[in-house]
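[1] Provide a 3D model corresponding to the input given below.
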Amino acid sequence: MKKIGVLFGMENTFPGALVDRINAMEIEGIHAEFVCVGGVQMAAPSGYAVIVDRISHDMPFYRSFLKNAALSGTQIINNPFWWSADDKFFNYALASKLGVAVPKTVLLPHKKFPPQINERSLRNLQFPLDWDGIFDYVGFPAFLKPHDGGGWRDVFHVHNRDEFFYAYDQTRDLCMTLQAAVNFKEYFRCYVVGQTDVRIMPYDPRRPHEHRYVLDPPEYDKNLLKRVEKDALTLCKALGYDLNTVEFAVEDGSPYAIDFMNPAPDADLHAVGKESFDWIVDKVAKLAVKKAQSSAKVKTEMNWSAFLAPSRKKEISKSSAKSAPKKAVKKKTKKEE
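    A predicted model of the protein is given here:
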């Protein structure tokens, strides 16, 4: 029996619905349940073929447990190694390299440094910063926000230098980014599952949190939706996330990717609405089952490097083919053609 485990925190509706959906599929040899973990022996199998991770970003013990589980063949949704390494500023830079529109963004040094940092640790840091150059590049209005955060925590909307410095003084030892604001008319939040399926959800970040998903949206331009779907897939394939949300703010018909590092996206029934909830439960259930039924493969390289260097992608494909049985290599080559 292959077990699919769900690891979660405070959320109530999604974890149980996912377990119920997988078990309702009545697939022989597959069973879903909530993960149960105590002390973890190094290199010991987790007992799960697949774990859907919803909480390890807030719980270092869980993140380390998942890495250990991956070492012994458990497939994790999402990759705990890349999730640990990733940050939003890198994602903005990657998106710009991939041809996905993103607002101009600058990474800023901490306003206050961590306690173990003193003046001797800062000798590589420019001082004073070229604030005029930073403001000229980004422009106002802009958003000051953490380079690695979520839930709109510590996000400041600033309209001029004075507002910026007032906000910057409140950012403690967080590493922040300053990003140009998009004067959007439309805004979309997209679920992306398995790097193949996209659900575009109209969203309004200006509303109170519980009302941000627009459940009675107007009709949108089909070409715009097609572009949003294409860009969402491009980003998730490059980042390698099997479950993610990608947010786009649309100004003058152009979708700008605003936030696309959400490997444990909000999936609460009461927030996203029943249609989107049923969609995400069904897609994640099918993805988890598919992974459980496949053999575990350890990724040797992050996806984004191949996207930036197509020739390297061919090298990776050839390298993978060399290790496969001769018959399988021939079949795969024909399919690729």
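[2] those strands in the stretch 101-250 of the chain, which residues are they?
    Taking DSSP state E, counting those that start in this stretch as the test, the strands found in the stretch 101-250 of the chain are 105-108, 142-146, 156-158, 176-180, 186-193, 197-202, 243-251.
[3] how about those in a markdown table, adding mean pLDDT and mean neighbour count?
    No exception for glycine: its C-beta is placed from N, CA and C like everyone else's. Putting these into a markdown table (pLDDT from 0 to 100; neighbours: other Cβ atoms under 10 Å) gives the following:
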| stretch | mean pLDDT | mean neighbour count |
| --- | --- | --- |
| strand 105-108 | 98 | 19 |
| strand 142-146 | 97 | 22 |
| strand 156-158 | 97 | 16 |
| strand 176-180 | 97 | 22 |
| strand 186-193 | 97 | 24 |
| strand 197-202 | 97 | 19 |
| strand 243-251 | 97 | 23 |
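[4] thought residue 88 was touching residue 143?
    No: counting by Cβ atoms under 8 Å, residue 143 is not a contact partner of residue 88; they are 11.5 Å apart.
[5] quick one on the thing from earlier: quick one: closest of the strands of the stretch 101-250 of the chain to residue 129.
    Of all the strands of the stretch 101-250 of the chain, strand 105-108 sits nearest to residue 129, with 7.7 Å by Cβ to Cβ.
[6] Tell me which stretches of the stretch 151-300 of the chain form helices.
    Ranges of helices in the stretch 151-300 of the chain, per DSSP state H, counting those that start in this stretch, are 161-168, 222-239, 269-272, 274-293.
[7] Residue 226: how many residues sit nearby?
    By the criterion of other Cβ atoms under 10 Å, residue 226 has 11 neighbours.
[8] I'd like the distance between it and residue 236.
    Distance, residue 226 to residue 236, using Cβ to Cβ, to the nearest Å: 16 Å.
[9] could the helices of the stretch 151-300 of the chain go into TSV alongside mean pLDDT and distance to residue 95?
    What follows is the helices of the stretch 151-300 of the chain, written out as TSV (pLDDT from 0 to 100; distance: least, Cβ to Cβ, whole Å):
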stretch	mean pLDDT	distance to residue 95
helix 161-168	98	24
helix 222-239	97	6
helix 269-272	92	24
helix 274-293	97	23
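[10] Of all those, which one is nearest residue 255?
    Of all those, helix 222-239 comes closest under Cβ to Cβ, at 5.1 Å.
[11] so that closest one versus strand 186-193, what angle?
    In terms of direction (axes from the mean of the first three to the mean of the last three Cα atoms, to 10 degrees), helix 222-239 departs from strand 186-193 by 40 degrees.
[12] Please identify the buried residues of helix 222-239?
    Neighbour-count burial for helix 222-239, counted by 16 or more other Cβ atoms under 10 Å, picks out 224-225, 227-229, 231-239.
[13] Mind putting the helices of the stretch 151-300 of the chain into CSV with distance to residue 190?
    Converted to CSV, the helices of the stretch 151-300 of the chain look like this (distance: least, Cβ to Cβ, whole Å):
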stretch, distance to residue 190
helix 161-168, 29
helix 222-239, 4
helix 269-272, 12
helix 274-293, 11
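[14] Okay, now stretch 89-107: how far is its last residue from its first?
    Criterion Cα to Cα, to the nearest Å; first-to-last residue distance in stretch 89-107 is 7 Å.
[15] Just give me how far stretch 121-141 sits from the chain centre.
    How far stretch 121-141 lies from its chain's middle: 28 Å, per Cα atoms, centre = their mean, to the nearest Å.
[16] List the buried residues of it.
    Buried-residue list, stretch 121-141, by 16+ other Cβ under 10 Å: 135, 138.
[17] tell me the helices in the stretch 1-150 of the chain, going along the chain?
    13-24, 60-71, 80-85, 88-98, 131-138.
[18] Could you dump those into TSV and include mean pLDDT and distance to residue 152?
    Output for the helices of the stretch 1-150 of the chain, formatted as TSV (pLDDT from 0 to 100; distance: least, Cβ to Cβ, whole Å):
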stretch	mean pLDDT	distance to residue 152
helix 13-24	98	20
helix 60-71	96	23
helix 80-85	93	20
helix 88-98	96	13
helix 131-138	98	19
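[19] Take those helices and write them to CSV, including distance to residue 256.
    Formatted as CSV, the helices of the stretch 1-150 of the chain follow (distance: least, Cβ to Cβ, whole Å):
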stretch, distance to residue 256
helix 13-24, 28
helix 60-71, 31
helix 80-85, 24
helix 88-98, 9
helix 131-138, 14
